[in-house]
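Asks: take this sequence and fold it.
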Amino acid sequence: MAFDQFPLPFLDQLAPPSTASEPEPAPEPAPEPLPRGGRLRRIRLRARRHFVDAVHACCRRRAVSPGELVTAVRLLLPPARLQGFEDPGEPSAAEVAMGWHRSRTGRLRRVRDFPLVVLMLREELDPPTLRRCLAAALALEDPDGWRLLPKATIDAWEREWRDRERQQAMDTGHVREMLRRLAFRPIEGGVRTPAQAARILGLASEFGCTEESVSRRFRELAPVFHPDTGLMACPDRMRQLVEARKILLAYLKA
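Replies: Numbering: from 1, shown residues only. Purely as a prediction, here's the structure:
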């Protein structure tokens, strides 16, 4: 009568390790209040040519000015979030054209013509921040890119992600603990007999096992104890697994 393999007993009764509750993340600072009084300042912002063209096209579609775009982004996003947008940068030398400008006296002089976005604002912001605000406005307008979501939706996603991460850590710890309990103790002096080989591979006996069952059990245990990639890396166990498979296959062919 053939003997069946012992199944790898991943016991449900083993309690997973307890994990301490994670502290709630600190709330993000709210956007800074914008100045309401004061006069409007005319700001000539230099930027890359394609970026300037994209800003002007966005303003035409939305029927707003560049300054209103910057103000809207400043109301929506705190400064820390703005730092996540890359500064499009100053125009390159190839994008600067040379032209003629007539002075008040009527004389002509050569001047450099930079790609510009003209803004009217009440607050003073450095050029990189202004360009980041306009880049954020362009990203928010793209339906396939950034989009605004309710805070409740974002909080629900974050809770779900933390729950999944916590569950994954618990499952990994559970599997490690089970494997530690199930791991065989290497035989001193190495594997010599078919009975020892069957015990190493977790088989009921050397009698009645088949080449298929030996190979299948080896494929199940080798990834666990592999010295480089195994979950419970152990060179001694891996070596004795190889010896046990070799002895049992030779025994079955005899």
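
Asks: could you tell me the end-to-end distance of stretch 229-236?
Replies: The first and last residues of stretch 229-236 sit 14 Å apart, counting by Cα to Cα, to the nearest Å.

Asks: in stretch 89-102, what's buried?
Replies: Applying a neighbour-count criterion of 16 or more other Cβ atoms under 10 Å, the buried positions in stretch 89-102 are E90, P91, E95. (Each C-beta comes from the backbone N, C-alpha and C, glycine too.)

Asks: which strand or helix spans the second one?
Replies: Right, P91. Taking DSSP states H and E as the criterion, P91 maps to no regular element, lying outside all helices and strands.

Asks: partner strands of the least confident helix or strand in the chain by mean pLDDT and their direction?
Replies: The least trusted helix or strand in the chain, going by mean pLDDT, DSSP states H and E, turns out to be strand 97-102, with a mean of 73. Take DSSP bridges as the rule and strand 97-102 pairs in its sheet with strand 108-113 (antiparallel).

Asks: same question for the helix or strand just after the strand it pairs with, mean pLDDT?
Replies: Following the chain from strand 108-113 toward its C-terminal end, the next helix or strand by DSSP H and E is strand 116-121. Model confidence over strand 116-121, given as mean pLDDT, is 91.

Asks: start to end distance for stretch 78-98?
Replies: For stretch 78-98, the first and last residues are 39 Å from each other (Cα to Cα).

Asks: any idea which helix or strand comes after the longest helix anywhere in the chain?
Replies: Longest helix in the chain by number of residues, with DSSP state H as the criterion: helix 151-182. Proceeding C-terminally, helix 151-182 gives way to helix 194-200 as the next helix or strand, assigned by DSSP H and E.
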